[in-house]
Each structure stands twice: as structure tokens, then as C-alpha cells.
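> just coords:
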């Protein structure tokens with residue numbers, strides 16, 4: 001998934017059913033889209049509130065990823 005900002009929302013509420021692998025990381029970046037500012041492993045079977053109006057990506061997805069998201 002490329003580094004991006006979500007359009008039309010500032011936060012997302014995600015329930016991770018299957019993260020898509022054993023080493024999947026959600027990474028947020030500075031405005032330069034290169035410098036990481038935060039790195040998180042989202043635990044499955046939990047709700048997570050995510051800031052999606054700043055640059056971010058999901059890395060190391062190796063399998064099908066399942067989640068419920070509420071904008």
C-alpha cells in the first residue's frame with residue numbers, strides 16, 4: 001500500500017479480524033512522506049482508533065487482510 005492520507009475523514013475506527021500476516025506494521029510519516037513518526041502493530045480482535053489525515057501506510061501484508069472500519 002503506498003503512503004497516503006485518507007480523504008474525507010480524520011480518524012478511523014478499525015477492528016482487525018486478521019492483520020494479513022505475522023509482521024504487519026502501520027506506519028505514520030512526517031509531511032515529507034519519508035521520515036517515520038510512529039510505527040504500530042495493530043493487535044487482532046481489538047478496536048483501534050487511527051489518525052488517517054496524516055501520511056501513513058501498512059507494510060508487510062503477506063496474506064489477505066480482514067478488518068471492519070468505521071469512518
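Thanks, I have the structure now. Values in this document were obtained by computation on a predicted structure and should not be read as measured data.

> mean confidence score for the lengthiest strand in the chain?
For the chain, the longest strand by residue count, based on DSSP state E, is strand 11-18. Strand 11-18 shows an average pLDDT of 97 in the prediction.

> gap between the helix or strand just after that strand and the chain center?
Where DSSP states H and E defines the elements, the next helix or strand beyond strand 11-18 is strand 25-29. In terms of C-alpha atoms, centre = their mean, to the nearest Å, the centre of strand 25-29 is found 6 Å from the chain centre.

> try stretch 55-63
That offset, for stretch 55-63, works out to 7 Å (C-alpha atoms, centre = their mean).

> go on, stretch 20-27?
9 Å.

> Using neighbour counts, pick out the buried residues of that stretch.
Across stretch 20-27, burial judged by 16 or more other C-beta atoms under 10 Å covers 20, 24, 25, 26, 27. C-beta here means a position set from N, CA and C on the backbone, and glycine is covered the same way.

> thinking again about what came up before, counting by contacts, list what the longest strand of the chain packs against.
strand 47-51, strand 66-70 (3 or more C-beta pairs under 8 Å, 6 or more residues apart in numbering; DSSP states H and E).

> Report the buried residues of the last one.
If you call a residue buried by 16+ other C-beta under 10 Å, then strand 66-70 has these buried ones: residue 67.

> circling back to that earlier point, including distance to residue 10, could the buried residues of stretch 20-27 go into TSV?
Formatted as TSV, the buried residues of stretch 20-27 follow (distance: C-beta to C-beta, whole Å):
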residue	distance to residue 10
20	24
24	23
25	21
26	16
27	18
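
> which of those lies closest to residue 48?
Within those, the smallest distance to residue 48 is 8.5 Å, found for residue 26 (C-beta to C-beta).

> ok, for residue 51, nearest residue in space, not its chain neighbours?
Leaving aside its sequence neighbours, residue 51 sits nearest to residue 11 (C-beta to C-beta, 6 or more residues apart in numbering; 5.9 Å).
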